[in-house]
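Asks: need a 3D model of the following:
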Amino acid sequence: MSNAASSIIFDDIFTINAIDKEGKKFDRVSRLYAHSKNYDMDMTLDYNLELFPLQKDQSFALALASSLSRTGPGGAGISAEEAAEADRDVWRPDGKSKGGLHDEYDYVMFGKVYKFDGESGEVVTAYASFGGLLMALTGSYRHMTSIVLGDNIYLLMRK
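Replies: Purely as a prediction, here's the structure:
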């Protein structure tokens, strides 16, 4: 998955099984249902279809990261506070960013892990909210050990 110095806590390639299968609820938001190639994970994700148009049977790379910094907390001997400070400089609205992870992706959301289901079993589901756009990631707990309840995370996607 990722090395200790990286801020990426999960990544895989997903293929979309369906989009809006329960009907469309918002103009600019769709809900995709996808299955991952490497870790046999299932995901449901709300996303902005105007910013990142997708269609059934399309594949995309998805990463979850604790930071946009390429080193991440604890990486390169820096503390979580120093990583948070570095994150403020990595992405800047004026376009003068310092080359963070987001440069490698087409779509990025910031949110929080708010719930875990099935923590005693082999299969667990991690839930995150990105400003009201929701994600549910289901699969073996072994592939989600770095996803921590209550943590802020970045979701990054590219086609």
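
Asks: contacts and neighbour counts: CA atoms only from here.
Replies: Noted.

Asks: got the phi/psi numbers for Met144?
Replies: phi -120, psi 20 (degrees, to the nearest 10).

Asks: the helices in the protein, which residues?
Replies: Using DSSP state H, the helices of the chain run over residues 80-90.

Asks: poorly predicted segments of it, please.
Replies: Low-confidence segments of the chain (pLDDT under 70): 1-5, 71-98, 119-120.

Asks: state the number of residues packed around Val108.
Replies: 20 (other Cα atoms under 10 Å).

Asks: quick check: it vs Phe10, distance?
Replies: 14 Å (Cα to Cα, to the nearest Å).

Asks: tell me the contacts of Asp12?
Replies: Asp12 makes contact with 36-39, 61-63, according to Cα atoms under 8 Å, 6 or more residues apart in numbering.

Asks: again with Tyr47
Replies: 29-32, 133.

Asks: ranking the residues you listed by neighbours, who comes first?
Replies: Counting neighbours by other Cα under 10 Å, the top entry in the contacts of Tyr47 is Arg31, with 23 neighbours.

Asks: for Tyr141, see how far away the closest residue to that one other than its chain neighbours is.
Replies: Distance criterion Cα to Cα, 6 or more residues apart in numbering; nearest residue to Arg31, sequence neighbours excluded, is Asp46 at 4.3 Å. Between Asp46 and Tyr141 the distance is 22 Å, computed by Cα to Cα.

Asks: surely Leu101 meets Ser69?
Replies: Yes: Leu101 is within contact range of Ser69, at 6.3 Å (criterion: Cα atoms under 8 Å).

Asks: which one's more surrounded, the two?
Replies: Neighbour totals were compared for Leu101 and Ser69, and Ser69 leads with 26 against 22 (other Cα under 10 Å).
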